[in-house]
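> here is the input, now give the coordinates:
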Amino acid sequence: MENLALVPVMALFPFLETENFLSSLVVLFPILLLMERYKNSVIMILVIAMTGIGSLVLAQTTTSPNNTGSTPETENHDGKEGQDKEFYEYYYKTQAENLPLKKAKLEYNLIRTLKKEILSRDYSKANLELVKKIEGSNIKYERVYRDSKWVRGFLSQMPHLNVLDYMYIVKHDKYMCFLTFETNPESYLQEARQSQLLFTGNDKFEIVIPKP
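Got it, this is the predicted structure:
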């Protein structure tokens, strides 16, 4: 009867019949005792290790260069319109030390183009002497804008001229010249983008000027 009762147990646990069972039990038993004794310490070590790994991953995610969060480098400060841009430009324009240099650059650009236009129409000796006398003290000039009805009026009559941000009219004696610039002529020495010279001839006619 005892042999019959042990048959199912041996069938379920065949390793009990092996010769190494006792030797394996001798090796595993002290390990099991140590794990049972220090199980709290082992759990604490695992928790600390997992916490450190989680903090490291979070730090790498935060400092990743592919992070799409809003940072000062990604903010747009280059808008064409805005009070910040206007204030920045207005500040430098109103500085006393900048005004003489800006005025000198502007007048140089205007006079240079005006002389060129006059000589392109008449390269006579009289005009050569005339252009030598043109300087900042004997010219009148003004910046004009696209929202002026007068600007719209003469541009509609001269469609070859383009509207730009920097447009000026300069006058000397009988000559008037309309000029446009790609960039601010107060800041850079440059050639005019376009120019149109007007002057009265020797013959005078009665002309009816239409309203713009």
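> and the helices in the protein?
Listed in chain order, the helices of the chain (DSSP state H) span 2-12, 21-37, 39-62, 83-93, 99-121, 125-132, 149-157.
> rank those by pLDDT, which is bottom?
Note on these: helix 2-12 shows the lowest mean pLDDT, a mean of 48.
> export stretch 103-119 as CSV, just CAs?
C-alpha atoms of stretch 103-119 as CSV (Å, rounded to 0.1, in the frame of the first residue of the first chain):
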residue,chain,number,x,y,z
LYS,A,103,22.2,112.7,-43.1
ALA,A,104,25.6,112.5,-44.9
LYS,A,105,24.9,109.1,-46.3
LEU,A,106,21.5,110.0,-47.5
GLU,A,107,22.6,113.2,-49.2
TYR,A,108,25.5,111.4,-50.8
ASN,A,109,23.2,108.8,-52.3
LEU,A,110,20.7,111.4,-53.5
ILE,A,111,23.2,113.8,-55.1
ARG,A,112,25.2,111.0,-56.7
THR,A,113,22.1,109.8,-58.6
LEU,A,114,20.9,113.3,-59.4
LYS,A,115,24.2,114.2,-61.0
LYS,A,116,24.2,111.0,-63.0
GLU,A,117,20.7,111.6,-64.3
ILE,A,118,21.5,115.2,-65.3
LEU,A,119,24.6,114.2,-67.2
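> in it, what counts as buried?
Buried residues in stretch 103-119, counted by 16 or more other CB atoms under 10 Å: 105, 106, 107, 109, 110, 111, 113, 114, 115, 117, 118. Where C-beta positions appear, they are placed from N, C-alpha and C, glycine not excepted.
> swap in stretch 90-107?
Here stretch 90-107 shows 102, 105, 106, 107 as buried, counting by 16+ other CB under 10 Å.
> go on, stretch 159-175?
Quick answer for stretch 159-175 (16+ other CB under 10 Å): 161, 166, 167, 168, 169, 170, 171, 172, 175.
> so which of these sit within strands?
Taking DSSP state E as the definition of strands, those contribute 166, 167, 168, 169, 170, 171, 172, 175.
> what residues are bridge-paired with the third one?
Partner residues in beta bridges with residue 168: residue 143, residue 179, with DSSP bridges as the criterion.
> list the contacts for it?
Contact partners of residue 168, counting by CB atoms under 8 Å, 6 or more residues apart in numbering, are 110, 141, 142, 143, 144, 178, 179, 180, 181, 185.
> switch to 10 Å and redo it
Residue 168 sits next to 106, 109-110, 113, 141-144, 177-181, 185, 192, 195 when contact means CB atoms under 10 Å, 6 or more residues apart in numbering.
> now list the buried members of those.
Buried members of the contacts of residue 168, scored by 16+ other CB under 10 Å, are 106, 109-110, 113, 141, 144, 177-181, 185, 192, 195.
> let's have the residues you listed in a markdown table, adding distance to residue 85.
Formatted as a markdown table, the buried ones among the contacts of residue 168 follow (distance: CB to CB, whole Å):
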| residue | distance to residue 85 |
| --- | --- |
| 106 | 21 |
| 109 | 23 |
| 110 | 25 |
| 113 | 28 |
| 141 | 25 |
| 144 | 22 |
| 177 | 30 |
| 178 | 27 |
| 179 | 25 |
| 180 | 22 |
| 181 | 19 |
| 185 | 19 |
| 192 | 25 |
| 195 | 29 |
